[in-house]
Every structure is written in structure tokens, then in C-alpha cells.
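# 3D model of this:
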Amino acid sequence: MWQIQTILRLSRRHYPQGNGDDRLCPRVTKARTAGLLFTLFAAAQVHAGAVLTLGEAEQIAISGDPVIAADRARAQALSEVAIANGQLPDPRLKAGVANLPLDTFEVNQEPMTQLVVGVEQSFPPGDTLRYRRLQGEWQSTAEQANAQDSTRKLVRDVRNRYLELYYQGQAGRIVAESRDLFAQLVDITRGQYATGRANQQDVLSASLELARLDDRATRIENAEETSRAELGKWLGEAVTRPLDSRFPELPALPAKADLEAALPEHPAIRMETARIESETQGVRMAREQYKPGWSIGLAYGQRYGEDAEGNSRPDMLTALVSVDLPLFPGQRQDRRLAASVQQAEAARYTRADRLRKLKEMLETEYANWQRLGERATLYDTRLLREASANAEAALNAYQSGVTEFTTLMRARITDLDVRLDALRLRVDRARAQANLLYLAGGAS
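Residues are numbered from 1 along each chain as shown. Below is the predicted model of the structure:
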């Protein structure tokens with residue numbers, strides 16, 4: 001579509017309308033028209049198989065989005081960390097010399113001197129390891145839900161940008177069609193002025209409206225280029241392809257009651273729920289710190305020298321058990337437990353706030369979707385037809401000398417505005433539907 005609009009703009013630059021030449025040279029006009037139609041047909045054939053549909057745009061955006069990839073990588077990383085956090089600490093290897101005399105530093109001088117090698121294993125208090133592993137698993141679940149929410153947001157944003165780009169392209173086509181009609185009005189007015197049936201002000205007014213229409217076309221072209229650039233953030237080179245001329249089709253919208261019932265299962269809410277569970281495991285872990293941790297150790301001591309009877313001294317084996325004594329929890333365990341409880345409460349409040357915002361979004365977008373649908377129906381059933389009929393009647397009346405030129409021009413401008421408004425309503429309603437599909441519980 002955008003290539004066709006570019007050809008139309010180029011044709012207007014090389015063959016300006018509204019100067020009376022077409023009326024004097026009808027064969028030239030027919031030749032230009034035939035050439036333009038051939039060019040448009042050729043362009044349509046070249047790009048017929050390369051149009052960019054909405055569904056394809058969504059897939060391209062999802063497959064190459066770094067935000068979603070980062071969320072999934074974080075989820076995988078947290079899953080790996082959760083497994084590691086559930087394991088016992090690494091055992092400690094000890095080696096050294098015990099009871100070495102300081103006067104000679106001889107290992108065989110004193111019978112108590114030993115070369116000691118041992119190993120020690122510590123055990124955290126209570127079920128700390130299990131709760132630490134569960135906390136990491138819930139953190140990974142939260143990131144997985146965040147990745148799903150990022151995917152939904154991306155699909156929603158791509159749909160909105162695609163619909164806006166579609167609107168600008170179709171609006172440019174409508175303005176291009178209207179420009180031909182306004183150019184004809186300039187020719188008609190000049191013909192009326194030549195025969196004395198119109199005044200110079202009518203000719204100037206017609207030319208002025210044609211220039212204003214060209215300015216509107218330029219503004220639409222600028223908006224189209226901006227929308228294409230915004231969509232290109234996700235699509236890359238694919239954004240240069242023409243859009244499908246058919247109106248983008250979105251999945252069917254569930255009933256409002258179903259949308260509301262699905263909100264607790266929305267990825268954004270499941271993410272907050274997982275964070276609550278993660279903080280709950282933190283509370284349980286803090287309670288476990290009131291229990292004593294302990295460790296066991298085993299050491300082998302090699303002795304040097306001989307005893308009084310000339311026999312080798314026996315080696316030594318040492319076994320130790322160490323136990324923590326949490327006797328003064330007021331400034332450590334109590335504080336950590338209180339902090340964990342508050343963090344869990346904060347996570348619950350955050351979830352409630354997020355759910356409230358989603359409900360507000362549902363109410364706002366659903367009301368918007370309904371009212372836009374009612375307005376679109378009014379345009380389709382009455383306004384479009386009546387505006388077109390009014391424009392044709394005004395043209396016939398002006399050619400018959402029954403009405404003034406200002407009435408004719410106002411009717412034509414109204415017809416153009418109504419067509420653009422009808423398109424705007426349809427696109428805005430589809431955008432509201434895209435926002436509601438973001439809230440839907442199933443795949444959207």
C-alpha cells in the first residue's frame with residue numbers, strides 16, 4: 001500500500017492537476033491514467049506475495065525480542081541457583097601441626113606433637129536448606145511469569161503499532177482519492193468562472209482547499225513514517241514491506257465476566273503470587289534460625305618419635321561435634337524474622353495493587369471498546385452514506401447554480417472527515433480489543 005501511495009504522490013508532482021490542462025487535452029489525461037493504472041498494477045503484482053500481516057509481525061517480534069530472552073535467561077539462572085541452594089555446604093579440609101614446641105620446633109621432641117589432617121561438615125539449622133531451595137524455585141517461577149507477561153505486552157504493543165500504521169496508510173489512500181475530487185472541483189470552478197457563473201473568490205477558495213488537502217497528506221505521510229519507525233524497533237527490515245490491505249483481524253474477545261475471572265491467572269499476577277511465596281519461604285527460613293546449627297569433624301593426628309621403651313608413639317584420632325547456641329535472639333533472629341514478615345506483607349500489597357490496576361484497565365478498555373463499536377455502527381449504517389449523498393447533492397446543486405460554492409466545499413470536506421473518522425473509529429476499537437486481549441486468560 002505504501003508503494004502505491006508513493007507512486008500517487010510522484011504522479012501528482014510530475015502531472016499536477018487542477019490547471020485546466022486535462023480539460024484541454026483529454027487524450028493526454030487518458031494516457032496518464034492508463035500509465036498510472038499500469039504502474040499501480042505492476043507494483044501490486046510485485047509485492048502481492050510480500051505483504052506483512054499482523055500475525056507475521058507478532059511472530060517476528062517475539063522471536064527476536066531481547067527483553068523476553070533476558071527474562072527467560074534469568075528464570076533459568078534462578079532455577080539453577082535454587083538447586084545449588086538446597087545442597088549442604090562443602091566440607092572443610094583441615095591440616096596443620098598441633099603442640100609444636102617453640103624452643104626447638106622439633107616435631108619428635110614432645111610426645112604430644114602431631115601432624116593433624118581432618119575434615120569437617122556443617123549442617124544449617126533445621127529445614128533451612130529446603131526452604132532456601134523452595135525460595136529459589138519460586139523466584140524462578142516469578143521470572144517465568146514475568147517472561148510470559150513481557151510476551152503479552154510485546155504482542156499488545158505490536159498490534160497497536162501495526163494498527164496505527166495501517167490507519168495512516170489507509171488514511172493516505174482516502175486523502176489521495178479525495179484530492180482527485182478536489183482537483184476536479186478546481187477545474188469545475190475555473191470553468192464556471194470562465195463562463196461568468198462563478199466569481200474569483202470561488203476559484204481561490206477551491207485552490208486553497210486543495211493546498212490544505214496536500215498539507216494534510218504530508219502530515220499523514222509523516223505520521224506513517226513515524227509509525228513505521230516505531231514498529232521497526234521490533235521487526236527490523238521486515239517493517240519495510242507493505243502491509244496487508246485487509247483490515248487486521250484479531251482473536252475473538254471473551255465475555256467481560258470471563259476476562260474478569262481470568263485476571264488472577266494473568267502472568268503479571270502469577271508473578272506477584274510467586275514473589276509472595278518466595279518471601280513466605282524467607283519467613284520460614286528466618287524461623288529456622290532459632291534452631292541450632294551443628295557440625296561434625298574427624299581428624300587424624302600422626303605422632304613422631306619414640307616413647308621411653310623405644311616404641312613408636314601411637315597416632316591419634318579426634319572426633320568433634322559443634323552446636324550453635326542461639327541464646328540471645330533479640331538483636332539477630334528476632335530482627336531478621338520481623339524483616340522477613342514485612343517483606344512478605346509488602347509482596348501481598350504489591351499483588352493487590354497490581355490486580356486492582358488490571359481491573360481498572362479492564363473496566364476502562366471494555367467500556368471504550370463497547371462505545372467505539374456503537375459509534376462505528378452509526379458511521380457504517382448512516383453517516384458514511386449520508387455524507388456521500390450530501391456531497392453529491394451539493395455538487396449537482398452547485399453545477400445547476402442552485403447553491404453557493406462554500407456549501408459544496410463544506411460538503412466535500414465533511415465527506416472526507418467522515419470517511420477518516422470511520423476509519424479512525426474502527427482502528428481505535430481494534431486497539432482497545434488488543435488491550436483487552438492482553439488481559440485474557442488464555443493464549444491471545
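# going forward, measure contacts and count neighbours with C-alpha atoms only.
Noted.
# now residue 211: how far from residue 221?
Residue 211 sits 15 Å away from residue 221, going by Cα to Cα, to the nearest Å.
# who has more neighbours out of those two?
More neighbours surround residue 221 than the other of residue 211 and residue 221, with 19 against 14 (other Cα atoms under 10 Å).
# quick check on the more buried one: phi, psi?
When quoted as degrees, to the nearest 10, the phi and psi of residue 221 stand at phi -60, psi -40.
# pLDDT value on it, please?
pLDDT for residue 221: 95.
# contact partners for it?
Contacts were defined as Cα atoms under 8 Å, 6 or more residues apart in numbering; by that measure residue 221 touches 168-169, 172.
# same check on residue 358?
The neighbours of residue 358, taking Cα under 8 Å, 6+ apart as the test, are 263, 439.
# now do it, the pLDDT please.
According to the model, residue 358 scores 96 on pLDDT.
# circling back: what's the closest of the contacts of residue 221 to residue 280?
Distance from residue 280 was checked for each of these by Cα to Cα. The minimum falls on residue 168, at 50.6 Å.
# distance from the helix or strand hosting the closest one to the middle of the chain?
Counting by DSSP states H and E, the element that carries residue 168 is helix 128-194. With Cα atoms, centre = their mean, to the nearest Å as the basis, the distance from the averaged C-alpha position of helix 128-194 to the chain average is 11 Å.
# would you convert the contacts of residue 221 into TSV that also reports neighbour count, distance to residue 249 and pLDDT?
Formatted as TSV, the entries for those read as follows, by neighbours: other Cα atoms under 10 Å; distance: Cα to Cα, whole Å; pLDDT from 0 to 100:
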residue	neighbour count	distance to residue 249	pLDDT
168	26	17	96
169	23	17	95
172	24	21	94
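# can I get those residues in JSON lines including distance to residue 388?
JSON lines is the format used below for the contacts of residue 221 (distance: Cα to Cα, whole Å):
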{"residue": "168", "distance to residue 388": "22"}
{"residue": "169", "distance to residue 388": "21"}
{"residue": "172", "distance to residue 388": "19"}
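# go through those and name the one nearest residue 348.
Using Cα to Cα, the shortest approach to residue 348 within the contacts of residue 221 belongs to residue 168, at 43.7 Å.
# any weak-confidence spans in the stretch 151-300 of the chain?
Under the criterion pLDDT under 70, the flagged ranges of the stretch 151-300 of the chain are 197-198.
# now the element after the host helix or strand of residue 201, going C-ward?
Residue 201 is part of helix 200-235 when elements are defined by DSSP H and E. On the C-terminal side of helix 200-235, the closest following helix or strand by DSSP H and E is helix 256-262.
# and that next one, what's buried?
Along helix 256-262, these residues count as buried under the neighbour rule (16 or more other Cα atoms under 10 Å): 259-260.
# SS state for residue 120?
Judged by DSSP: H, G, I helix; E, B strand; the rest coil, the three-state class of residue 120 is strand.
# so it makes contact with residue 297?
Yes: between residue 120 and residue 297 there is a contact under Cα atoms under 8 Å: 4.0 Å.
# residue ranges with poor pLDDT in the stretch 1-150 of the chain?
1-49.
# quick one, helices of it?
2-14, 21-24, 26-46, 54-63, 66-85, 128-194 (DSSP state H, counting those that start in this stretch).
# can I get those helices in CSV including distance to residue 429?
Below are the helices of the stretch 1-150 of the chain laid out as CSV (distance: least, Cα to Cα, whole Å):
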stretch, distance to residue 429
helix 2-14, 23
helix 21-24, 42
helix 26-46, 29
helix 54-63, 16
helix 66-85, 28
helix 128-194, 10
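# winner for burial among these?
Among those, ranked by average contacts under mean count of other Cα atoms under 10 Å, first place goes to helix 128-194 (a mean of 22).
# what helices or strands is that helix leaning on?
helix 2-14, helix 54-63, helix 66-85, helix 200-235, helix 267-288, helix 405-439 (3 or more Cα pairs under 8 Å, 6 or more residues apart in numbering; DSSP states H and E).
# nearest to residue 181, of the ones you listed?
Using Cα to Cα as the measure, helix 405-439 is the one of the helices and strands packed on helix 128-194 that comes nearest residue 181, at 8.6 Å.
# pull out the buried positions in the closest one.
If you call a residue buried by 16+ other Cα under 10 Å, then helix 405-439 has these buried ones: 405, 408-409, 411-439.
# got it, and stretch 343-359?
By neighbour count on 16+ other Cα under 10 Å, the buried set for stretch 343-359 is 343-344, 347-348, 350-351, 355, 358-359.
# need phi/psi at residue 247.
Main-chain dihedrals, residue 247, degrees, to the nearest 10: phi -70, psi 130.
# ok, residue 98 touching residue 114?
Yes: shown here, residue 98 and residue 114 form a contact pair, counting by Cα under 8 Å, at 5.1 Å.
# ok, those two, which is more surrounded?
Set side by side, residue 98 and residue 114 show more neighbours around residue 114, with 21 against 15, by other Cα under 10 Å.
# how many neighbours does residue 284 have?
When neighbours are counted by other Cα under 10 Å, residue 284 registers 18.
# residue contacts, the spatially closest residue to it that is not a sequence neighbour?
In space, residue 284 comes closest to residue 131 once its chain neighbours are excluded; the distance is 6.9 Å by Cα to Cα, 6 or more residues apart in numbering. Shown in contact with residue 131 (Cα under 8 Å, 6+ apart): 86, 281-282, 284-285.
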